[in-house]
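Asks: Would you be able to build a 3D model of this:
(one chain, ligands or ions: 1)
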Amino acid sequence: MRQNPLAYLDDELNELRRQGLYRPLRVLDGEQAAHTSIDHRHVVNLSSNNYLGLTTHPTLRARALEALKTFGVGTGSVRTIAGTMAIHVELERRLAAFKQTESAVVFQSGFTANAGTVSSLLGRDDVIVSDELNHASIIDGARLSRATIKVFPHRDVEAARQIIAALPRHQRTLLITDGVFSMDGDLGALPALCDVADEYGAIMMVDDAHASGVFGRAGRGTVDHFGLHGRVDVQVGTLSKALGALGGYVAGPASLIDFLHRRARPFLFSTSHPPSVAATCIAAIDVLETEPQWMERLWDNTRFFKAGLEALGFNIGISESPITPVIVGDGARAMTLSDKLFEAGVFAQGIGFPTVPQGRARVRTIVTATHTEDELQFALDAFGKVGAELGLI
Ligand SMILES: Cc1ncc(COP(=O)(O)O)c(C=O)c1O
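Replies: Below you'll find the model as predicted:
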């Protein structure tokens, strides 16, 4: 009889179960919303990246339906063959204007935007200097590029500078950071990294996945927040989080975008967004530009919730954004906290190694603009009760 060549997978999964780190997929019964039903339980949802609540915004829904009726459900091709519709071009024009850059290109996701961009801009003879906590899509893109990868300790600008200073003059180098770090919620050291990039002529790139729609004027991101327009060569963002739909984009000089059209492999080899997605993203930009109340509520809720967790005595790290980690340390304990919160009506996902370093396991919370104060207070009460039960506070 044939032996199962995949048997080792069961061994690895059983090991995760033994360590208490095996997570089932939670299933939403309905919409992605601040208060929703997950696994048939009504919960306050603190685990989505739906910062502004746009996943269910009436304007976005209406535009998606309109595009569906007008243009159909799919594009049937990659962008470079027959999959570029006028609505994709319109979205890119709007993104470039929004980010105040010459041009922009949309990818299928933030992941493919990062991986496709880093892997096509750099090659075997080049160097990538990257913050140790940069997103997995940057790491994968760097590996695919075959460039030499040099990692600096988190937000340690002096270490980044020393790495670059030791390289030969005229070495092509990419200096790259997340704008907001997804697991800790702190900001990249952008202004100081831009100074280093300027000094040594490095390409400066930022991944603003968690900053788009959250930081800067009308959600233009960290480059706008820090007043760094014109100093970041490559800005990546996502359309999948605060903008409520799906996709990633790169904004920058026209020659960068022109090059990516010809070299970025996800752009060349994977089918483009359905027109309804592009229409939804255009509607999201309209909402960002005309409805400031969502960002205002997001930040009011962020301040309220962080203050509540801090008053309860939790370790909430160094976050400066709506992402607030409740750091527990031990992986199994973080999962127990998450499970008990779920039983108490609060969904806050437990996150352990390898997504965060060993000993830094946590429950990660993200509030949104559409949580009510009552919902957030309910969640704080649950955190207080369960945290005390587990001896965390
Ligand atoms: C920092 C960061 N970059 C990129 C991505 C990928 O974005 P997307 O979900 O649009 O693929 C994520 C999302 O998980 C992220 O947290």
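
Asks: touching the ligand at all, the helix or strand hosting D195?
Replies: Secondary structure assigned from DSSP states H and E places D195 in helix 190-200. No: if you take C-beta under 6 Å from any ligand atom as the test, helix 190-200 misses the ligand, and the best it gets is 13.9 Å. C-betas here are computed from N, CA, C, even on glycine.

Asks: If you count contacts, what does that helix end up packed against?
Replies: Helices and strands touching helix 190-200, as assessed by 3 or more C-beta pairs under 8 Å, 6 or more residues apart in numbering; DSSP states H and E, comprise helix 157-165, strand 173-178, strand 203-207.

Asks: most tightly surrounded among these?
Replies: Sort the helices and strands packed on helix 190-200 by mean neighbour count, taking mean count of other C-beta atoms under 10 Å, and strand 173-178 sits at the top with a mean of 27.

Asks: Would that one count as contacting the ligand?
Replies: Yes: applying C-beta under 6 Å from any ligand atom, one finds strand 173-178 in contact with the ligand at D178.

Asks: Make TSV out of the helices and strands packed on helix 190-200 and add mean pLDDT and distance to P322.
Replies: Shown next, in TSV, are the helices and strands packed on helix 190-200 (pLDDT from 0 to 100; distance: least, C-beta to C-beta, whole Å):
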stretch	mean pLDDT	distance to P322
helix 157-165	98	25
strand 173-178	98	15
strand 203-207	98	17
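
Asks: out of the ones you listed, nearest to R61?
Replies: Closest to R61 of the helices and strands packed on helix 190-200 is strand 203-207 (C-beta to C-beta; 28.4 Å).

Asks: buried sites along the helix or strand following the closest one?
Replies: Using DSSP H and E, the helix or strand that follows strand 203-207 towards the C-terminus is helix 222-225. Within helix 222-225, the residues that count as buried by 16 or more other C-beta atoms under 10 Å are 222-225.

Asks: again, but for stretch 299-314
Replies: For stretch 299-314, a neighbour-count test (16+ other C-beta under 10 Å) marks 299, 301-302, 305-306, 308-309, 312, 314 as buried.

Asks: In the stretch 201-350 of the chain, what residue spans correspond to helices?
Replies: For the stretch 201-350 of the chain, the helices defined by DSSP state H, counting those that start in this stretch occupy 222-225, 254-263, 265-269, 275-290, 293-312, 331-343.

Asks: between these, which one is nearest to T112?
Replies: Of all the helices of the stretch 201-350 of the chain, it is helix 265-269 that lies closest to T112, at 3.7 Å by C-beta to C-beta.

Asks: Indicate whether the closest one makes contact with the ligand.
Replies: No: against the ligand, helix 265-269 shows no contacts by C-beta under 6 Å from any ligand atom, the least distance being 10.6 Å.

Asks: Rounded mean pLDDT for that helix, please.
Replies: In this model, helix 265-269 has an average pLDDT of 98.

Asks: Also stretch 377-390?
Replies: For stretch 377-390, the per-residue pLDDT values average out at 97.

Asks: From the rest of the structure, what touches the strand or helix carrying R63?
Replies: Assigned by DSSP H and E, R63 belongs to helix 58-71. Helix 58-71 is contacted from outside by 54, 85, 87, 244-245, 275-280, 282-284, 286-287, using C-beta atoms under 8 Å, 6 or more residues apart in numbering.

Asks: tally of neighbours for the residue of the stretch 1-150 of the chain found nearest the ligand?
Replies: Proximity of the stretch 1-150 of the chain to the ligand (C-beta to the nearest ligand atom) peaks at G110, 2.4 Å away. For G110, the neighbour count with other C-beta atoms under 10 Å is 25.

Asks: Next up, phi/psi of it, please.
Replies: As for G110, its main-chain torsions (degrees, to the nearest 10) stand at phi -60, psi -40.

Asks: picking up where we left off before, among the buried residues of helix 222-225, pick out the one closest to the ligand, please.
Replies: Comparing the buried residues of helix 222-225 against the ligand with C-beta to the nearest ligand atom picks out T222 as the nearest, at 11.5 Å.

Asks: Pull the contacting residues for that closest one.
Replies: Contact analysis of T222 by C-beta under 8 Å, 6+ apart lists 179-180, 187-188, 190, 206, 208, 211, 215-216, 228.

Asks: can you do 7 Å?
Replies: 179-180, 187-188, 190, 206, 208, 211, 215-216 (C-beta atoms under 7 Å, 6 or more residues apart in numbering).

Asks: in a strand, that's where T365 is, yeah?
Replies: Yes: when classified by DSSP: H, G, I helix; E, B strand; the rest coil, T365 is found to be part of a strand.

Asks: Start the count at 696 instead of 1 going forward.
Replies: Noted, 696 is the first residue going forward, which turns the last one into T1060.

Asks: and this structure, which of its residues are near the ligand?
Replies: Within the chain, the positions near the ligand by C-beta under 6 Å from any ligand atom are 804-806, 809, 830, 832, 873, 877, 902, 904-905, 933, 935, 943.

Asks: same thing but 8 Å
Replies: 744, 804-809, 829-833, 873-877, 902, 904-905, 931, 933-936, 941-943 (C-beta under 8 Å from any ligand atom).

Asks: quick one: low-confidence ranges for this structure?
Replies: For the chain, applying pLDDT under 70 flags no range at all.

Asks: switch the cut-off to 90
Replies: Within the chain, the set of residues satisfying pLDDT under 90 comprises 696, 714-719, 1048-1050, 1052-1053.
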